[in-house]
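Visitor: what follows is a predicted protein model with its sequence.
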Amino acid sequence: MIMASFAQINDKCLQCICKTESGCRPLGCAFDVNSDSCGYYQLKQLYWVDCGKPGGSLAACSKDKACSEKCVRAYMTRYASRCTGGRTPTCQDYARIHNGGPNGCKIAATTGYWNKIAPCYNSG
């Protein structure tokens, strides 16, 4: 079990990111913004490396929902509190980090991505 001094990304936030990225389907890898994006969460090679390289390869992990979720959770554990300056991260922070990398919660360009996630997350 991973112990951390901040809240982990919750299942609803993770599910909303999955729905936004792929309709929560194991999409194949496709070129997107300078590199391939793969699977349920549209993971990129550097993101997969930063999350600890689970599943043996990006292609294999990205097609496996449990592996992909493990990767996203590990990435958030690594970067979320650093991005927020120690403040407990919100789903908005997590979504923007997923979209914009380790400092995504501070980058104005990721606000549009959060605006796609928010209706899902804020619904009943």
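Guide: Cool, the structure landed.

Visitor: was I right to think residue 121 contacts residue 12?
Guide: Yes - contact criterion CB atoms under 8 Å: residue 121 and residue 12 qualify, at 6.3 Å. Where C-beta positions appear, they are placed from N, C-alpha and C, glycine not excepted.

Visitor: setting aside sequence neighbours, what's the nearest residue to residue 103?
Guide: Spatially, and ignoring its direct neighbours in sequence, residue 103 is nearest to residue 83 (5.7 Å; CB to CB, 6 or more residues apart in numbering).

Visitor: what pLDDT is listed against that neighbour?
Guide: Looking at residue 83, its pLDDT reads 93.

Visitor: ok, it to residue 56 distance?
Guide: For residue 83, the distance to residue 56 under the criterion CB to CB, to the nearest Å works out to 28 Å.

Visitor: more crowded one of those two?
Guide: Neighbours per residue (other CB atoms under 10 Å) separate residue 83 from residue 56, with residue 83 holding more: 22 against 9.
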